[in-house]
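K.L.:
take this sequence and fold it.
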Amino acid sequence: MECVAGESNSSWVMKGALDFLVSDHPTACQLRRRFVFKVIPMLNPDGVANGNHRCSLAGCDLNRKWRTPHSELHPTVFRTKMLFEYLRIQGITPALYCDFHGHSRKKMIFMYGCTNDRSVHAFPKHLASVAPQFSWRKYVRMWGFLCAVFVLCEQSVVSGVAVRTEIA
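P.N.:
Reported below is the predicted structural model:
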């Protein structure tokens, strides 16, 4: 999902992820057999289309509206939370939640995790096994071609924290 116009790199990553998931690659086929993917390609289409860097046309940074989105002012976030609530009622817990962003200062690939739970490392470890551009080995040292960074999220309003604490 992309919320910010200045993060067009996240749209390219989303496109690559979708292209892979619908491909005939054996790993993609296995993933489709094992999981159902719910994809919301962009949460701020009006803001992005109009060139707003962080805000929707309602003047809101949608990344900060996850705790209490308004159905009319923040409809995409509101409906996304409704989807997660529907899944919860059905007894379905998401195995992974990804919120794609670019960063104004950080380079290469990085990931934030919102918990100290060691299971959070499963996705980047698997990603490193199938994507040569991503290096789990270089994760701890923070140098090399590409790496991941896990940081505890303290902002309770961002999507990853809201999804983890309220829904998952």
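
K.L.:
what number of residues lie near the closest residue to residue 46 other than its chain neighbours?
P.N.:
Take residue 46 and drop its neighbours on the chain: the residue closest to it by CB to CB, 6 or more residues apart in numbering is residue 57, 4.5 Å away. C-beta here means a position set from N, CA and C on the backbone, and glycine is covered the same way. Residue 57 has 13 neighbouring residues, counting by other CB atoms under 10 Å.

K.L.:
cool, and the one 3 residues further on?
P.N.:
Residue crowding around residue 60 was assessed by other CB under 10 Å; the count is 19.

K.L.:
residues touching it, list them.
P.N.:
73, 74 (CB atoms under 8 Å, 6 or more residues apart in numbering).

K.L.:
backbone dihedrals for it, please?
P.N.:
In terms of degrees, to the nearest 10, the main-chain angles of residue 60 are phi -120, psi 140.

K.L.:
repeat for residue 45
P.N.:
Here is the backbone geometry of residue 45 (degrees, to the nearest 10): phi -60, psi -40.

K.L.:
separation between it and residue 29?
P.N.:
Distance of residue 45 to residue 29, given as CB to CB, to the nearest Å: 30 Å.

K.L.:
now residue 73
P.N.:
Taking CB to CB, one finds residue 73 at 41 Å from residue 29.

K.L.:
comparing these two, which residue is more hemmed in?
P.N.:
Shown here are residue 73 and residue 29; by other CB under 10 Å, residue 73 has more neighbours (15 against 12).

K.L.:
separation between that one and residue 94?
P.N.:
Distance of residue 73 to residue 94, given as CB to CB: 25 Å.

K.L.:
do residue 85 as well
P.N.:
Going from residue 85 to residue 94 by CB to CB gives 12 Å.

K.L.:
between those two, which one's more packed in?
P.N.:
A direct count of neighbours by other CB under 10 Å for residue 85 and residue 94 places residue 94 higher, at 16 against 12.

K.L.:
and the gap between the more buried one and residue 23?
P.N.:
Going from residue 94 to residue 23 by CB to CB gives 22 Å.

K.L.:
just residue 42 next, same as before
P.N.:
Distance, residue 42 to residue 23, using CB to CB: 22 Å.

K.L.:
equivalent analysis for residue 37, please.
P.N.:
In terms of CB to CB, residue 37 sits 13 Å off from residue 23.

K.L.:
please apply the same query to residue 53.
P.N.:
33 Å.

K.L.:
doesn't residue 21 make contact with residue 37?
P.N.:
Yes. Using CB atoms under 8 Å, residue 37 makes contact with residue 21 at a distance of 6.3 Å.
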